[in-house]
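> return a 3D structure for these sequence lines:
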Amino acid sequence: DHFPRHCETNGDEAMRNMIRLGIGRAEAHRMTGESSVTLYTSLMLLFGSYFDEDPMYPWARRALQASAPATESARSGSLYDAGVAFWERMGGADNRNFVVAISRLRRTSANEAGASLESEGPHFLERIFPEKAHLLGAAGLMAVLVSSQETSARHGLDRPLDRAVCAALAFMLGCRFADD
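Numbers count the residues shown, from 1 in each chain. Here you go, the predicted model:
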């Protein structure tokens with residue numbers, strides 16, 4: 001009900017698998033109530049299934065590790081509020097920044113992407129999505145690049161273009177996009 005496009009695009013089986021994963025991941029953070037699990041899985045759909053350990057989203061770790069608020073409902077609400085606040089700052093009005101970033105990425109040629117990542121590193125990501133890059137800062141951008149290099153190596157993707165695609169996907173979808 002909450003994410004009809006995701007349901008339509010991914011299909012029932014994939015969504016059921018994602019919900020099962022979300023239930024397990026939420027439980028690991030002492031969130032077992034239906035509304036808490038729903039909020040948690042909603043954030044998974046926005047930021048990636050492993051948003052809670054993604055170096056791009058320290059707000060998630062802070063909210064999940066905070067000893068206060070004491071109730072599950074308040075903790076899940078704080079997590080969700082932090083995620084929505086980040087999303088709104090990143091995406092802008094009507095997700096315009098996100099849409100423009102996808103458009104920039106689509107206009108980037110394969111050769112340009114590979115060469116840009118090799119020579120510019122974090123600046124390659126900044127050009128794609130400056131609003132998100134600003135929110136992440138230099139340390140966050142470097143974490144994305146390190147994570148994407150590990151993903152590239154794990155999958156035997158060693159050409160500059162391969163590494164650029166992994167970096168762009170990690171930046172746009174979450175550092176563990178390949179596990180989603």
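
> please count neighbours and contacts with C-alpha atoms only from this point.
OK.

> His155 and Asp162: what is the separation?
Counting by CA to CA, to the nearest Å, the separation of His155 from Asp162 is 10 Å.

> who has more neighbours, those two?
Per other CA atoms under 10 Å, whichever of His155 and Asp162 has more neighbours is Asp162, with 20 against 11.

> what ranges of this protein fall below the confidence cut-off?
Across the chain, the ranges flagged by pLDDT under 70 are 1-8, 10.

> show me where it has helices.
4-28, 34-47, 58-65, 72-91, 96-107, 110-120, 122-128, 130-154, 160-173 (DSSP state H).

> other SSEs contacting the first one?
Counting contacts by 3 or more CA pairs under 8 Å, 6 or more residues apart in numbering; DSSP states H and E, helix 4-28 is packed against helix 34-47.

> what is the orientation angle of the helix it packs on with helix 72-91?
Per axes from the mean of the first three to the mean of the last three CA atoms, to 10 degrees, the angle that helix 34-47 makes with helix 72-91 is 20 degrees.

> so which residues make contact with helix 34-47?
Here helix 34-47 makes contact (CA atoms under 8 Å, 6 or more residues apart in numbering) with 2, 6, 18-19, 22-23, 26, 31, 49-51, 72-73, 76-77, 80, 83, 173-174.

> sorry, back to before: ok, which of the helices of the chain comes nearest Asp179?
helix 130-154 (9.7 Å; CA to CA).

> neighbours of the closest residue in space to Leu21 that isn't next to it in sequence, how many?
Once flanking residues are discounted, Leu21 sits nearest to Ser49: 7.9 Å by CA to CA, 6 or more residues apart in numbering. The local packing of Ser49 (other CA under 10 Å) involves 26 other residues.

> give the full set of residues in contact with Ser49.
Going by CA under 8 Å, 6+ apart, the list of residues near Ser49 reads Met18, Leu21, Gly22, Thr41, Arg176, Asp180.

> how close does it sit to Arg104?
25 Å.

> repeat for Ala14
Distance, Ala14 to Arg104, by CA to CA: 29 Å.

> and if you look at Arg89?
Arg89 is 19 Å from Arg104, by CA to CA.

> check Phe86 too.
21 Å.

> and what of Met56?
20 Å.

> tell me which of the two has more neighbours.
Ranked by neighbour count (other CA under 10 Å), Met56 and Arg104 place Met56 first, with 25 against 13.

> tell me the contacts of Leu125?
Ala133, Leu141, Ala167, Ala168, Phe171.

> by neighbours, which of these wins?
Ala167 leads the contacts of Leu125 on contacts (other CA under 10 Å) with 29 neighbours.
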